[in-house]
Structure formats: structure tokens, C-alpha cells
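Next come a sequence and a model predicted from it.
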Amino acid sequence: MKLSASEISSVLAQQIKDFKSSAEKSNLGTVIEVGDGIAKIHGLSGAAMAEILEFPGGKTGVVLNLEEDTVGAMLLEENPELKEGDEVKTTGKIMEVPVGEAVIGRVVNTLGQAIDGKGKIATKKTRLVEVKAPGIIERQPVDTPLQTGIKAIDSMIPIGRGQRELIIGDRQTGKTAIAIDTIINQKGKNCLCFYVAIGQKASTVAKIVAKLEEFGAMDHTTVVAANASDPAAQQFLAPFAGVAMAEEFMHAGKDVLIVYDDLSKHAAAYRQISLLLRRPPGREAYPGDIFYLHSRLLERAVRMNDKLGGGSITALPVIETQANDVSAYIPTNVISITDGQIYLESDLFYKGIRPAVNAGLSVSRVGGAAQTKAMKKISGNLRLSLAQFRELEAFAQIGSDLDAATKKQIERGRRIVEILKQGQYSPLSVVNQTEIIFAANEGYLDDIPAEKIGKFENDLFEFMHANYAKLEKEINESGKLEEQTEKDLRNALEDFKKGWNE
């Protein structure tokens, strides 16, 4: 087949006309070292801090070190195929996670990907993982209670919406139990919850999720899990991912509770990454870096002013101590950043006093501002009575004769210890807490044997609910104990005691 010159020229002209040039600009680099979830990359001159990098095979990493000739990045997923000489490119995206209503009730990983087998997270909204915490002018004082449902905490160490309250103690002393009970207690209280599990076994996280589902708490809760088997990068970024998801709701004017369980493992993950990135051991994780890491995380817990919607994030960070040593580096770090601590003591735990809250070492720097007026009124002497009881109990062990007043004080103290005991997964309403603490303060329990206090308490709640629902509603709605209300409560307690059968 022969083509004429005119036909050839017309075909060429058509091809030139149809030709479309598409140039793609990309910032490329080369892997020069890889191992233990860390990659060193030569090039990438345009890379930004916390920028997402694209590795071969569609795997991702995030920039953590910007050096003169190289970039240090941590891999967000396992990438066994990655090797020296592989090409890496920047994406122009800073680390972000999906946010919005779609994450509520779900279990996700650090990247916001669903790991609960219920399908993808259906949202297009995202938020940056690292943002600057709101300034002083954007905040307002903490004065609204966040009820934990735990008598020992709501009465003596109250937590307010927008507060940061540390839960600290040795392993196996009930730290997670307090956090989970607080999440369960938020059901129906217009407060969303985020539970960030850092470095825990997958089976442990599964049990927690099962318990939350059992008590209907997953309807208002998101679990962000960076398990012990996940890369250190995911464990390091998990709390920041969790608080970024929480901030979406806070900026919409909602109240959010976030639990970081626990920041000791978070510090260990960060230390591992720091050393692998060849940061000088003089600064890697202890001393200054870890303080900055936790302060920029916990400062994001805030109560916004009314002009900005009045939303809040309340943080409950968890720290594990070794042999009750609160003066170690990381515990003192987080104590100095937070607004108080709930200190759980192993000795109390093994004595059967649970929750094992040490009232002497625990404190809330917000105090009575985060309590209802009724609770503030009746709990004022509680901590003092408990402290005096501990002193007198130690004195009484010597075996010397005690006068009647001292004996009475010791017996009253024993009953206060009993009423502050509480089973797991059984948070109480403020009204019920008010009733039993009032009864103890006013001496209605003084003639009840200590071992019968639990039965007395349960029977009292049933009696009040059945016969004095109007009084309970009044206390609940007003949040106060006026003179008449107090008189009515005394009458109700006397009425109950007359008919109570031990």
C-alpha cells in the first residue's frame, strides 16, 4: 500500500493537532537506609515536616526529621519490600485523619481506617493530626461537671468539662477501669467519647470494646487502637489522631471526653523512634522532647469560649508508675501539665478498697467549680474525715485505750471507706451519690455494721426511687441542697431506716 505525500502530511498534521502534553511535577528522593520502621531518604528538598510520603507498593510514611541532605521518615505500615535505592515521592499532604459523625461507634487505627470489620469510614472530611492548641483568649474557665459516676472521684476529686485529669498508679490497680466506667457514665449525657489504646494487646482492646458494647456505650464512643503489634510510628501518632477526631466535634460546640491509655507506652514508642532517627541520646526522649510531646498533646484539651461555640475536650491521660514512684521523670512531667491527678495505690487495691483512690495524694485543681452545689456542700468534710481516719487508724493499732470521741471518729471513717467502695461497670447518678454521702455525714450509718453498708446502700437507692422520686428529681434538676430539701432528705432517710431489715 502506497501513501501519497499529501496523505502523509495530513495524518501528521492531525496527530500534531491531537497531541496533548501533560507534564507532572514531583519531588523525588532515594532511600539510602531502611530498617525498624524508619527510612532515610536522600533528596526530597521540598519535603515539609509531618508530610505524607509515598513509597513503592502504595505504602506511606511521614516526615519526622529534616536534615541538610537527607529526610528521616517513619513508615506508617509494615513494608518488608522496601530496600535501598527505591524511589520515594512527596504527596504535598500533611498527616491528616478522617473526622465527622462516621467515626462514632467505630474502632479505627491511627490512620483513621476501620479495623472493626464494619466497612469503610464513610466521610470526606479530614483534620490535620498536628495543630496548635487554642490560646488563652479562646478558652473559658472550667465550671461544668463531667460526672464519672464514681463516688470517690465525683465527691473528692471532681472533673470538669475541659479539664485534664491524670489517672496514675502501678499496673493492675484499676486505672483503665476508672476510664471505662467514666465512658459508660456518659451515656445520655450529651458527651462523645474517644478511647485511645496505645501499645496494648489486641485481645485487651477487643475485651474493652465488647464491654462498651455490652453497656451500650459504643453508641457514643470511638476507639482508636495502636496495638503492641503495630509499628512504633502508629503508637506515637495515635493520641494525636484521636484528639484531631475529637476536635471536629469540639469546634461544632459539643463536649468530648478523650482517654489516652497510656502515655507511658506512648513515651516509649517516641523514644524508640527518636533513637532510630539518630537523634542525639542527650535529648531524644528524656529530658525535654517528651515534655514537649505530651504538653502539645494535652494542651489541646480545652473548653472553648461561647463565641467559638462553647465546646470542650476533657482529657484523662493514664500513666503507669513503677513501685508507686510518682517522682519518676514521666509521671512528674505529666503531673505538671495536667490539672490534677487521681492516684491509685496498690496497697489499697489489695486490701479490697476499690477504686483504690488515695485521697491524700489525689487532687483536682479545678475543685468545687466542677461540682453541683449539692455535692460541694456534702463532700466538703469527706476528704478531711478520711484523712483523720487514716491517722487515727494507725494510732489505734498501737493498742492504747481510746476515748469515746476518737472511737466514734474511727467508726465513722470505716463507714466512709465502705461507702466509697464501688464495683466496676456500675457508675452512679449524682442523686444516688448525694443520698449515700449525706447519710454517712449525718451519722445515719453509724449504727450499721460495716459489712452491711453495701446492702444498706443498694436498698436505700431502691427505696428512694420507689417512694421519693419527686425529691430525687428536685435534687437532680436544681443541683442544690436547700434547707427544705435537706429536711426532706433527712425525713426520707429516717423513714427508710425504720423499715430497713438487715
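Sure thing, it's come through.

Point out where the chain drops to low pLDDT.
Within the chain, the ranges that satisfy pLDDT under 70 run 1-3, 20-26, 282-287, 398-400, 502.

Domain-wise, how is it divided?
Listed by automatic domain parsing, the domain ranges of the chain are 28-93, 98-370, 378-499.

next helix or strand past the helix or strand in which residue 386 is found?
When elements are assigned from DSSP states H and E, residue 386 belongs to helix 382-396. Sequence-wise, the next helix or strand beyond helix 382-396 is helix 404-419, with elements assigned using DSSP H and E.

ok, back up a step: could you say which of the domains of the chain is packed most deeply?
Comparing those by mean neighbour count (mean count of other CB atoms under 10 Å), domain 98-370 comes out on top with a mean of 20. For glycine as for every other residue, the C-beta is placed from the backbone atoms N, C-alpha and C.

Just the residues contacting the helix holding residue 386, thanks.
Contact partners of helix 382-396, identified using CB atoms under 8 Å, 6 or more residues apart in numbering, comprise 155-156, 359-360, 402, 406, 409-410, 412-414, 416-417, 420, 437, 441.

what about the helices in the stretch 101-250 of the chain?
In the stretch 101-250 of the chain, the helices defined using DSSP state H, counting those that start in this stretch lie at 151-156, 175-185, 202-214, 232-250.

Switch these over to TSV; also include distance to residue 107.
Shown next, in TSV, are the helices of the stretch 101-250 of the chain (distance: least, CB to CB, whole Å):
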stretch	distance to residue 107
helix 151-156	27
helix 175-185	14
helix 202-214	6
helix 232-250	12
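
Which one of the ones you listed lies nearest to residue 62?
helix 232-250 (7.0 Å; CB to CB).

any idea how far that closest one is from the chain center?
On the basis of CA atoms, centre = their mean, to the nearest Å, helix 232-250 sits 11 Å off its chain's mean C-alpha point.

which is the next helix or strand following it?
The first helix or strand that comes after helix 232-250 along the chain, using DSSP H and E, is strand 255-261.

quick one: contacts of that next one?
146, 161, 175-176, 179, 182-183, 186, 190-198, 200, 239, 242-243, 246, 249-250, 266, 297, 301, 311-318.

Direction included, what does that strand pair up with?
Sheet pairing of strand 255-261 (DSSP bridges) gives strand 191-198 (parallel), strand 312-320 (parallel).

Mind checking the helices of the stretch 101-250 of the chain for the one nearest to residue 220?
Closest to residue 220 of the helices of the stretch 101-250 of the chain, according to CB to CB: helix 175-185, at 8.2 Å.

so that closest one versus strand 255-261, what angle?
Counting by axes from the mean of the first three to the mean of the last three CA atoms, to 10 degrees, helix 175-185 lies at 160 degrees to strand 255-261.

What is helix 175-185 packed up against?
strand 166-169, strand 191-198, helix 202-214, strand 255-261, strand 312-320, strand 340-344 (3 or more CB pairs under 8 Å, 6 or more residues apart in numbering; DSSP states H and E).

now the angle from that helix to strand 340-344?
Relative orientation of helix 175-185 versus strand 340-344 (the same axes, to 10 degrees): 120 degrees.

What would helix 175-185 look like as PDB? C-alpha coordinates only.
These are the backbone C-alpha positions of helix 175-185, laid out as PDB (Å, rounded to 0.1, in the frame of the first residue of the first chain):
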ATOM      1  CA  LYS A 175      -6.700   2.800  86.000                       C
ATOM      2  CA  THR A 176      -8.400   1.600  82.800                       C
ATOM      3  CA  ALA A 177     -11.500   0.600  84.900                       C
ATOM      4  CA  ILE A 178     -12.000   4.200  86.000                       C
ATOM      5  CA  ALA A 179     -11.600   5.400  82.400                       C
ATOM      6  CA  ILE A 180     -14.100   2.800  81.100                       C
ATOM      7  CA  ASP A 181     -16.600   3.500  83.900                       C
ATOM      8  CA  THR A 182     -16.400   7.200  83.100                       C
ATOM      9  CA  ILE A 183     -17.100   6.500  79.400                       C
ATOM     10  CA  ILE A 184     -20.100   4.200  80.300                       C
ATOM     11  CA  ASN A 185     -21.400   7.000  82.600                       C
END
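
Other residues contacting it?
For helix 175-185, contacts defined as CB under 8 Å, 6+ apart pick out 146-150, 153, 167-169, 193, 195, 208, 211-212, 215, 217, 221, 257, 259, 261-262, 316, 318, 320, 342, 344, 355, 424-427.

and it, how far out from the chain's middle?
Centre to centre, stretch against its chain (CA atoms, centre = their mean), the figure for helix 175-185 is 10 Å.

Please apply the same query to stretch 125-135.
Here stretch 125-135 is found 17 Å from its chain centre; the criterion is CA atoms, centre = their mean.

And the contacts of that stretch?
With CB under 8 Å, 6+ apart as the test, stretch 125-135 has contacts from 50, 94-100, 112, 237, 240-241, 244-245, 247-248, 296, 299-300, 302, 304, 308.
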